[in-house]
Each structure stands twice: as structure tokens, then as C-alpha cells.
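Quick one, what's the 3D model for this:
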Amino acid sequence: MYNLYIMQSTQALVRTQIYLTQTQQKRLAAVCRRSAVTKSELIRRAVDQFLDQQAPADAANKAQRLSGIVGMWAQRDDVADPAAYVRALRAPRF
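From the prediction side, this is the model:
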């Protein structure tokens, strides 16, 4: 039965397991009954909706995000010499 459903899909499906809380499981089951859609389909739709809301990772977007962190440690006096700071962090391990 499930093989037939998966094989009739317009796109190749990849099996994925997730853990849901009992509350999430009950709420999802209720929505499935109301909408006559499988849990898998509802989860795929939710994943698509989430991914559609994410900002594109183009070069301009990355540059804009990086420019926002320029100088964020400028007022710190404990990192005046970055190389010495890194050596001190690594000293206990090496």
C-alpha cells in the first residue's frame, strides 16, 4: 500500500524519521483527520513553508550580514593580541 503511494508521487521521496512530542503528534493527527491528508504530506508542506521563508544565501546577503558584525569586539581589551589569545585558549589542550 505505501509503496504504491510513494511510487505514484511526482517527485522522488526520501524516507526520514523525526521525533515529535505527544502534543505535536496529537495535534498533527487532528489536522490530518480534518483535512484528509497524510501526516507525511502535512510535514512536507510545513517544511516547504519554512524553507520558503528563509533568506536566500546569495553573496550580497552574506556580505550584508557580515558587515553587521564588523568591530563587535572593538571595545574588548582582553583580545588586544588575537594570536596570543588563541594560544592561551589552546594551551591546556596541547
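
could you pull out the helices for this structure?
For the chain, the helices defined by DSSP state H cover 2-7, 22-35, 39-53, 59-67, 82-90.

right, and those - which one's nearest W73?
helix 82-90 (9.3 Å; C-beta to C-beta). Every residue, glycine included, has its C-beta placed from N, CA and C.

who touches that closest one?
Under the contact criterion C-beta atoms under 8 Å, 6 or more residues apart in numbering, helix 82-90 has outside partners 78-79.

what does stretch 46-55 give?
N61.

What are the buried residues along it?
For stretch 46-55, burial by neighbour count (16 or more other C-beta atoms under 10 Å) applies to no residue.

tell me the average confidence for it?
Stretch 46-55 carries an average pLDDT of 90.

May I have that stretch as CSV, with CA atoms only?
The C-alpha coordinates for stretch 46-55 follow below in CSV (Å, rounded to 0.1, in the frame of the first residue of the first chain):
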residue,chain,number,x,y,z
ALA,A,46,5.4,22.6,6.7
VAL,A,47,9.0,22.0,5.7
ASP,A,48,8.4,23.8,2.3
GLN,A,49,6.7,26.7,4.1
PHE,A,50,9.6,27.1,6.5
LEU,A,51,12.2,26.8,3.7
ASP,A,52,10.4,29.4,1.6
GLN,A,53,10.6,31.9,4.5
GLN,A,54,14.4,31.6,4.8
ALA,A,55,16.5,34.3,3.4
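
chain center to that stretch, what's the gap?
How far stretch 46-55 lies from its chain's middle: 10 Å, per C-alpha atoms, centre = their mean, to the nearest Å.

Likewise for stretch 57-74?
Offset of stretch 57-74 from its chain centre (C-alpha atoms, centre = their mean): 20 Å.

which residues touch that stretch?
Contacts for stretch 57-74 (C-beta under 8 Å, 6+ apart): 55, 79.

related to what we said a few turns ago, will you turn the helices of the chain into a markdown table that also has distance to R15?
Formatted as a markdown table, the helices of the chain follow (distance: least, C-beta to C-beta, whole Å):
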| stretch | distance to R15 |
| --- | --- |
| helix 2-7 | 9 |
| helix 22-35 | 18 |
| helix 39-53 | 10 |
| helix 59-67 | 32 |
| helix 82-90 | 42 |
